[in-house]
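1. Build me a model:
(2 chains)
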Amino acid sequence: AQTVTQSQPEMSVQEAETVTLSCTYDTSESNYYLFWYKQPPSRQMILVIRQEAYKQQNATENRFSVNFQKAAKSFSLKISDSQLGDTAMYFCAFMGTQGGSEKLVFGKGMKLTVNP
Amino acid sequence: DTGVSQDPRHKITKRGQNVTFRCDPISEHNRLYWYRQTLGQGPEFLTYFQNEAQLEKSRLLSDRFSAERPKGSFSTLEIQRTEQGDSAMYLCASSPYQGHTIYFGEGSWLTVV
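-> Numbers count the residues shown, from 1 in each chain, chains lettered A, B, ... in the order given. Predicted structure coming up:
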């Protein structure tokens, strides 16, 4: 079974700084997808960024980028120029392609606070 | 394009009562998922539909839980004889077939007292 581990339960950063959130996963599959989701307090789970395992190029979305190390099974999220609105729980998630359901397996999450 | 919508957003019920949650997926998304999230944890998979067929259920889904998706459109999740341990947020999500991306609703909070 796949597992996702987020070892940092909480981080804080000053506005405009850069922060990196770490995530490791375990799987025997060779083709899969990795995601970072953001969940602001009492609000909806929002997709931040997606990485396809067969693509070597790291995904980027504006201020958000990932460092995907397939051999190490590591998938970190870098947030540049942090904004107050980035304050949220961040979840790393894995989606396998075997079995057909494409369900997500989540880590426990990390609480990020951006301070003014 | 409306997102995934869930109703009710909040429900407080007494132990032993039945509750039902409704989810309307993004239109034309034929895959629909239910997840459960407790405080301080990531969401856990409960069940998944492709169109009207329920194709996978987690062992977390006890026989007090039942989900349906008639006609492959909206879905309902019913919890019978609620217990305090059922208190959680129930998240619905949808995706297009082999779209490899899942979109979540705002969740339905359940408190069992």
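2. Residue nearest the middle of the chain, spatially speaking?
-> Just so you know, I chose chain A. A:W36 (3.0 Å; Cα atoms, centre = their mean).
3. Correction: the question concerned chain B.
-> Most central in chain B (Cα atoms, centre = their mean) works out to B:W34, at 3.4 Å.
4. tell me, how many neighbours does B:T76 end up with?
-> By other Cβ atoms under 10 Å in any protein chain shown, 14 other residues sit near B:T76. C-beta coordinates here come from the backbone N, C-alpha and C atoms, glycine included.
5. that older thread, just checking, what packs against the host helix or strand of the residue nearest to the centre of chain A?
-> If you go by DSSP states H and E, A:W36 is part of strand A:32-39. Applying 3 or more Cβ pairs under 8 Å, 6 or more residues apart in numbering or on different chains; DSSP states H and E, we find strand A:32-39 packed against strand A:46-52, strand A:64-69, strand A:88-96.
6. Packed most tightly, which of those would that be?
-> strand A:88-96 (a mean of 23; mean count of other Cβ atoms under 10 Å in any protein chain shown).
7. Quick one: name whatever helix or strand follows it.
-> strand A:104-106.
8. Which secondary structure elements does that following strand sit against?
-> So strand A:104-106, by 3+ Cβ pairs under 8 Å, 6+ apart, packs with strand A:3-5, strand A:88-96, strand B:44-50.
9. ok, the nearest residue to A:Y33 once chain neighbours are set aside to A:R43 distance?
-> Of all residues not flanking A:Y33 in the chain, A:M95 sits nearest, at 4.3 Å (Cβ to Cβ, 6 or more residues apart in numbering or on different chains). Per Cβ to Cβ, to the nearest Å, A:M95 is found 22 Å from A:R43.
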